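Colleague: missing the sequence, but the structure's below:
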Ligand SMILES: CCCCCCCCCC(=O)SCCNC(=O)CCNC(=O)[C@H](O)C(C)(C)COP(=O)(O)OP(=O)(O)OC[C@H]1O[C@@H](n2cnc3c(N)ncnc32)[C@H](O)[C@@H]1OP(=O)(O)O
């Protein structure tokens, strides 16, 4: 299994997908029960991911008490989940439905409860089915990130990839 974020020297050609919403517009939920973005998830981050220019997306998240690691700051896994969601949405700007294969997170500063976390992600390159995406998080000053992430997502056939699991999704409703 490969496990390194190693950008290809040359990217395959990428173009913005014609159906992606314009800059400032929300990108449709990929699944209503998704922990990262789903409106119907019993527990979740409910991130609203907004399309940006080019291959970029963004989102904001208020760090609530239940997201706490401790004490008084965000749990690293919650931050990683927020990164996963925004990183995984960015490839839709090039029309690629993906799943996470590899995700690296660098935690630069503690993130206090009550903060508004600003998340930005950008597709950097594509090589065959692999999509290379980076993200950063800040608390209001983009020049002062509190965390960054680098990831490799792999393009999938949505219907085939989830075919064996879809029935369980409905049964897992509360
Ligand atoms: C749909 C819209 C989504 C919107 C937002 C989503 C946000 C949330 C995203 C998630 O959390 S997804 C859930 C967590 N991820 C998973 O459950 C994925 C589990 N893993 C798999 O299903 C498979 O391992 C995977 C589809 C990623 C790859 O298996 P495949 O058999 O289809 O592909 P293959 O193994 O041939 O690998 C294809 C390429 O990816 C590369 N690759 C695979 N795993 C890798 C890895 N771990 N690190 C680096 N590269 C990797 C592999 O080397 C190869 O590169 P090359 O083209 O250069 O040969």
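Modeller: Now that the structure is in, tell me what you want to look at. These figures come from a predicted structure and were not determined experimentally.

Colleague: The residue in the chain positioned nearest to the ligand: how many residues sit nearby?
Modeller: Nearest to the ligand, among the residues of the chain, is residue 88, at 2.8 Å (Cβ to the nearest ligand atom). The way it works is simple: take the backbone N, C-alpha and C, and place the C-beta from them, glycine included. Using other Cβ atoms under 10 Å, residue 88 has 25 neighbouring residues.

Colleague: With residue 114 as the reference, measure out to it.
Modeller: Applying Cβ to Cβ, to the nearest Å, the value for residue 88 to residue 114 is 26 Å.

Colleague: Could you do residue 105 as well?
Modeller: Counting by Cβ to Cβ - residue 105 and residue 114 are separated by 21 Å.

Colleague: who has more neighbours, these two?
Modeller: Using other Cβ under 10 Å, the more surrounded residue of residue 105 and residue 114 is residue 105, with 17 against 10.

Colleague: tell me the contacts of that one?
Modeller: Contact analysis of residue 105 by Cβ atoms under 8 Å, 6 or more residues apart in numbering lists 76, 79-80, 83, 147-149.

Colleague: is it fair to say it lies in a helix?
Modeller: No: judged by DSSP: H, G, I helix; E, B strand; the rest coil, residue 105 forms no part of a helix; its state is strand.
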